[in-house]
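> need a 3D model of the sequence below.
(one chain, ligands or ions: 1)
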Amino acid sequence: MRIAKLGELEVARIGLGAMGMSHGYSGAGSDDAESIRTIHRALDLGVTLIDTAEIYGPYVNEELVGRALRGRRDEVVLATKFGLVAHNGRGPGTLDSSPDNIRIAVEGSLRRLGTDHIDLYYQHRVDPRTPIEDTMEALAALVQQGKIRQIGLSEAWIDTIRRAHAVHPVAALQSEYSLWTRDPEQVLPVLRELGIGLVAYSPLGRGFLTGSLRSIADLESLDDDDFRKTNPRFTGENFQRNLRIADEVQAVADEVGAASAQVALAWLLAKGHDVVPIPGTRRVSRVEENTAADTVELSPEHVAALDALTPAEGDHHTEEQMQMIERR
Ligand SMILES: NC(=O)c1ccc[n+]([C@@H]2O[C@H](COP(=O)([O-])OP(=O)(O)OC[C@H]3O[C@@H](n4cnc5c(N)ncnc54)[C@H](OP(=O)(O)O)[C@@H]3O)[C@@H](O)[C@H]2O)c1
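Numbers count the residues shown, from 1 in each chain. Below is the predicted model of the structure:
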C-alpha cells in the first residue's frame, strides 16, 4: 500500500478503526475471534495504523487490540486516545485532559495494549476546563519518558490546534471526514501549513455510504445500543432523504467498477497524501474490500461529481456529542 505521512510518522494510507469490534455498532463484542482475524488480515495486507481508545468499551477494545497484536507489535503504528474517561471519580463519558488524568490514563492504555509505548496518543476531545497548553506539556513529558511517540488531537479547531502545536509538534488531527461530513476541509489549510496530517474517522459514514443500510427494516434490525439508532442522519425523515446520497455514491461506484465503500475511501485518498482514512470493520471480508481502495483511481470528473453530492440532512452527531466538538 502507498505511504502517507502524519507529521513525522509514516503510515500506510488506509488504516483500521477497531472501535466497532467492541463498541457502538451492532454485533460489537460478539465475535472477538473474527475481530482478531480482521486485525491480522489488515496487517497482512499492509495496513499499519490501528486505531483504538480507552473509552471504547470502555477499556475492552484496547484489550482486544493488545491481544491481536501479541507478537506483531512492531508491524503497527498503534494509536489510542485519552480524555473521555475521568479517572478521578467522574468516570467514562466525562471530559478530562488534566495532566493528572493523563498520567493515570496512559498507564492503563499501555497495560491493556500490552506495550511499552504508544505510537500516536490523541486527546479524544478538547477539554474546556484544561488549557490545551497544560495538556500538551503533560503529553510532551510522556514523549520524553518514551511512553508515547507522537501526539494527536481529535475534533479540535484552528485556535486549539495552533496553541497545541506551539507547545509541542502535533502529528495528526483525527476528525470525522467523509463524503457527507466535510467540515475538516476548513481546517486542512492550517494543518498543511503546520505539517500536521488528517486522520479521517467514520470515513464510510458509519456504514451508510456503503449502501448497506437501505430501509427502515435495516435500521430496526440494529442493536438497541447501536449509535446509529440515535444519530440524526439515520433517524426520522432524514434517513429516507439521505438515501439519495448513497445512490449517488453507488452510481459512481458502478461507473468505476468498484464497491461504494471503496469509492468513499478513494475520494478521501484523492484529497492528498496527508489524509488517512481509518475505516472500521470487524469482518475479514470487509477489511479486504476497504484496503483494496488504495488501487481504485478516480478520474477528476468522478472526484468532482463526488464533491458535489447532495448535502446530508441532520448533524453527524447527537446534540450532546456535538457540544464536545470544536467548530470555531
Ligand atoms: N476520534 C473520534 O472521536 C472517533 C469517532 C468515531 C470513530 N473513530 C474511529 O474511526 C474508526 C472508523 O469509524 P466508524 O467505525 O465509526 O465508521 P465507518 O468506518 O465510517 O463505518 C463503520 C461501519 O461500516 C461497516 N463497514 C465497514 N466496511 C464496510 C464495507 N466495505 N461494506 C459495508 N459496510 C462496511 C461496519 O460494519 P462491520 O463492522 O459489520 O463491517 C461498520 O458498521 C473507528 O473504528 C474508530 O477507531 C474515532
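
> any bit of stretch 174-190 sitting next to the ligand?
Yes. Shown here: stretch 174-190 in contact with the ligand (Cβ under 6 Å from any ligand atom) through Gln174. C-beta coordinates here come from the backbone N, C-alpha and C atoms, glycine included.

> that stretch: how far from the chain's middle?
Put simply, stretch 174-190 sits 12 Å off its chain's centre (Cα atoms, centre = their mean, to the nearest Å).

> end to end on that stretch, go ahead and measure it.
End-to-end distance of stretch 174-190 (Cα to Cα, to the nearest Å): 14 Å.

> likewise for stretch 306-315?
First-to-last residue span, stretch 306-315, Cα to Cα: 19 Å.

> and it, which residues are buried?
Within stretch 306-315, the residues scored as buried using 16 or more other Cβ atoms under 10 Å are 306, 309, 312-314.

> now do stretch 46-56
Quick answer for stretch 46-56 (16+ other Cβ under 10 Å): 47-56.

> now it, how far from the centre of its chain.
On the basis of Cα atoms, centre = their mean, stretch 46-56 sits 8 Å off its chain's mean C-alpha point.

> for stretch 26-35, same thing?
On Cα atoms, centre = their mean, the centre of stretch 26-35 falls 19 Å from the chain's centre.

> so for stretch 307-317, what's the average pLDDT?
Mean per-residue pLDDT for stretch 307-317: 94.

> next one: stretch 189-200
On average, stretch 189-200 scores 98.

> now do stretch 224-235
95.

> also stretch 106-121?
Stretch 106-121 comes out with an average pLDDT of 98.

> so what's the residue in the stretch 151-300 of the chain positioned nearest to the ligand up against?
Scanning the stretch 151-300 of the chain for the residue nearest the ligand gives Gly280, at 2.4 Å (criterion: Cβ to the nearest ligand atom). By Cβ atoms under 8 Å, 6 or more residues apart in numbering, the contact list for Gly280 reads 16-21, 25, 202, 204.

> 6 Å instead, please
Gly280 makes contact with 17, 19-20, according to Cβ atoms under 6 Å, 6 or more residues apart in numbering.

> for the protein, which residues are neighbours of the ligand?
Going by Cβ under 6 Å from any ligand atom, the residues of the chain near the ligand are 17-20, 25, 51, 124, 154-155, 174, 201-207, 210, 212, 261, 278-283, 286, 289-290.
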